[in-house]
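Colleague: Everything below, folded, please.
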Amino acid sequence: MKRKLQTILFAVIAMIISNNLSAQVPYGLNSFRSASATIFIDFDGQTVISPYWNGGNPIFCAPTALTNAQMIRVFNQVSEDFRPFNINITTDSAVYFAAPATRRQRIIVTPTSAWYGSAGGVAYVESFRWGLEIPAFVFSTLLSNNDKRVSEAASHETGHTLGLYHQSQYNSTCGFVSEYYAGIGSGEIGWAPIMGNSYSRNLTLWHNGPNSFGCNNLQDDLSILASAANGFGYRTDDVANTTTSASNISFSGNDYAISGFVNATNDVDMFRLNIASNGRFTLNALPYSVAPTTNTAANIDLQVSLLNSAGTTLATFNPTSQVKVIIDSTLNAGTYYVRVSNTANVNTSNYGMLGNYNMTGAFVANSSLPVYSLVLNGHNNKGKHELNWSIVADEELESVTIETSEDGKNFTQMENVNSASRNFIYQPVTTGNRFYRLHVVTASQLEYYSNIVNIKSSSSDVKVKILNNIISGQEIVVHSKGNYTYRLLDMGGRNLQSGRMTIGFNRLSAPAKQSGMYLLQIVDGTEVTTERLMLQ
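Modeller: Numbers count the residues shown, from 1 in each chain. A predicted model of the protein is given here:
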C-alpha cells in the first residue's frame, strides 16, 4: 500500500481502455445502485495509457488470478467498508461510465506490477474528485492472491483517491514509529486502521488518528470521506434510535429475523418487543461478515441492551472477545425494547464501527432456560489459584471451558474441563492478578458465560504496590520491590508514558487525558504484571 503524490496538471488525459474478458469476473454486482458516486473494482484486465502513470507509456494490466468466489468476497468486503456512505461499489463498467466524471473511480486489480514496484497498490490522493480518469491499482500477485489482503488494499487505495493519507504510528513522546499503523490485538477484535497496515487484523476500520504528516496531525477518516469535496455524504439511517419511534420485532411463528445498519459512530437502533406471556427469549446478533461462522472481516463490535417498557436498561450484553452478541433469557409478559449499537473494546474505540448486522432469535411461551445458574468462585491458596463452580441446567452440557485474562476484558481459552467437573486448580506461571470465567456450551449450541473472578497474587509475590488505584491528583505513587520497567497505557493500548522504577517509592505523572480507566504494566524480564487505575 503506497500512495504516489505529485502535482496534478489539469489537462486532458489520454487513457485507452480495453477489456480482456474473463468468464470468471462477477459482472453486475452493485452495493448501492441508486447512488451516483461510484467505485469500480476492475478485475478483468485493462490497457492504460496516462501521463500520470508509467511516464505515459502503456501499462498492459493482466486480469487478476483471483477465483470467482474470491472476487465476490473482495466486492463484499469493500462494499461493507463503504456501507455507511451514499456511494456504490460495482463490478460493472457500464455503471461506472454512467456516473458523473467527478464522482467516480476505477480500481484495477491486477498481477501486473513490475512497471511500478513492490507495493500492494498505488493511487493518487483525491483523484476521485478530478474527473481525469486516473485509475488506482491493487497488485494482487504481490498480495499472494489472498482475497483478504486484496480487499484491504482496495479499500485503502480507494481511501487515498477520496482524500485520505496514511494512518501512522508514533510513540508516547511523539516519535515516529511506522508509516503504516498495524493496530493491536488478536482474534475477532484484533483491530487496525484501513489506512494503516490492516492485512493481519480482523476488525479493520476507518480511524481518527495521527497521519503521516505528524503525531499532532489527526486525520478524521469519516469526516473526510463524507465531506462536501467528495460530494456523496452518509446514507440515511434505517432504524430510529428512540423507544417512541422503535421498529417492531415481528414474529413468524416463534421466530424472528431482523437486519439493521449502524451508519454513524453513535448510531443506535431501537426495536420494540411485545411479549404476551411468560417465556424464553433468545437473540443472536451478528455483524455482516464475508465468513459469518468466523466473523471474518466484520466491521462492528456489537452491543445489545434489553430495556423495560419505561426505557430503563435491564441488562447489556457485550462479549469481551467476540463481535457477536447472544442473549438467552426468560421474560415476563409485557413490552420490552432491544437496543443495538456498536461498542468500544480493549483494542479500540467505537469510532468507525459501522455497517450491517442481522438479528435472529425466538420467543417460546412457558419455556425455561437450559442453564438456570452458572456461578464461579475462586481464591489464592499458597500461590495456587483454586476455582470451583456450580451449574444448574436442564440440558446436557457439550463443553465447559475455563477462560483467563490479565486485564479482565480480553479473555483466552485456558482449559477444557469435563462437563461433570466442578473444580480446577491452576499454578500460574507468571505473577500478577488474573481474571477467570467459564464458557459453557449446551447440546443445542447455546452459549453462556459465568461471572468473572479476579484472583490476586499473595503479598509476597507482589512486585509493586499502588498507594491508591483511584487517581484524582497529578501523581501516581507506586512502591516498587525492584528496578522494573513500566508502561502506562490507555484502554486502547496506546503507550502514554514509559520508564524505569527504582526500589522504594516512585512518583509517576498522571496521564494528561480525560477521566477513565488506564493500565499500568510492570515488566520484569519476560514477566508482565498489569494493574488498573481509575483517573477521576
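
Colleague: And the helices in the protein, which stretches?
Modeller: Ranges of helices in the chain, per DSSP state H, are 68-81, 93-98, 147-161, 221-225.

Colleague: Same list, those, but as a markdown table with mean neighbour count and mean pLDDT please.
Modeller: Placement of C-beta: from N, CA and C, glycine included. Shown next, in a markdown table, are the helices of the chain (neighbours: other Cβ atoms under 10 Å; pLDDT from 0 to 100):
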| stretch | mean neighbour count | mean pLDDT |
| --- | --- | --- |
| helix 68-81 | 22 | 96 |
| helix 93-98 | 15 | 97 |
| helix 147-161 | 27 | 98 |
| helix 221-225 | 18 | 97 |
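
Colleague: Quick one: closest of these to Gly117.
Modeller: Across these, Gly117 has its closest neighbour in helix 147-161 (14.1 Å, Cβ to Cβ).

Colleague: So which elements touch that closest one?
Modeller: Contacting helix 147-161 under the criterion 3 or more Cβ pairs under 8 Å, 6 or more residues apart in numbering; DSSP states H and E are the following elements: helix 68-81, strand 104-110, strand 121-123, strand 136-139.

Colleague: Lys481 is nearest to which of those?
Modeller: Comparing those under Cβ to Cβ, the one sitting nearest is helix 68-81, at 48.6 Å.

Colleague: Contacts made by the closest one with the rest, please.
Modeller: Helix 68-81 is contacted from outside by 24-26, 29, 31, 39, 41, 43, 64, 66, 89, 91, 109, 145, 147-148, 150-152, 154-155, 158, 194, 204, 206, 288, 290, 297, 299, 355-356, using Cβ atoms under 8 Å, 6 or more residues apart in numbering.

Colleague: try 6 Å this time
Modeller: Identification of contacts with helix 68-81 by Cβ atoms under 6 Å, 6 or more residues apart in numbering yields 24, 26, 29, 31, 43, 89, 91, 147, 150-151, 154-155, 288, 290, 297, 299, 355.

Colleague: Report the angle between it and helix 147-161.
Modeller: 40 degrees (axes from the mean of the first three to the mean of the last three Cα atoms, to 10 degrees).

Colleague: Offset the numbering so it begins at 181, please.
Modeller: In the new numbering, first residue 181, that becomes helix 248-261.

Colleague: report the angle between the axes of helix 248-261 and strand 284-290?
Modeller: Between the axes of helix 248-261 and strand 284-290, defined by the same axes, to 10 degrees, the angle is 140 degrees.

Colleague: circling back: among the contacts of helix 248-261, name the ones in strands.
Modeller: Among the contacts of helix 248-261, the members falling in strands (DSSP state E) are Ile269, Gly535.

Colleague: Just the buried residues of the contacts of helix 248-261.
Modeller: The neighbour count (16 or more other Cβ atoms under 10 Å) marks 204, 209, 211, 223, 269, 271, 327, 330-331, 334-335, 468, 470, 477, 479, 535 as buried among the contacts of helix 248-261.

Colleague: Look up the closest residue to the spatially most central residue of the chain, ignoring the ones flanking it.
Modeller: Nearest residue to the geometric centre of the chain (Cα atoms, centre = their mean): Leu383, 3.0 Å. Spatial nearest neighbour of Leu383, chain neighbours left out: Trp371 (4.6 Å); criterion: Cβ to Cβ, 6 or more residues apart in numbering.

Colleague: Which pLDDT value belongs to Ala303?
Modeller: We have a pLDDT of 98 for Ala303.

Colleague: still on that earlier bit, could the helices of the chain go into CSV alongside distance to Ser660?
Modeller: Putting the helices of the chain into CSV (distance: least, Cβ to Cβ, whole Å) gives the following:
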stretch, distance to Ser660
helix 248-261, 46
helix 273-278, 63
helix 327-341, 43
helix 401-405, 41
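
Colleague: For Thr682, find the nearest of those.
Modeller: Of these, the one closest to Thr682 (Cβ to Cβ) turns out to be helix 401-405, at 42.4 Å.

Colleague: Show me the contact partners of that closest one.
Modeller: Contacts to helix 401-405, defined as Cβ under 6 Å, 6+ apart, come from residues Leu342, Gly343, Leu344, Trp386, His387.

Colleague: Which residues belonging to stretch 506-513 are considered buried?
Modeller: Neighbour counts using 16+ other Cβ under 10 Å place Ile506, Ile507, Asp508, Leu511 of stretch 506-513 among the buried residues.

Colleague: what does stretch 492-507 give?
Modeller: Phe497, Asn498, Pro499, Thr500, Ser501, Gln502, Val503, Lys504, Val505, Ile506, Ile507.

Colleague: First-to-last residue distance for it?
Modeller: In stretch 492-507, first residue to last residue: 18 Å (Cα to Cα, to the nearest Å).
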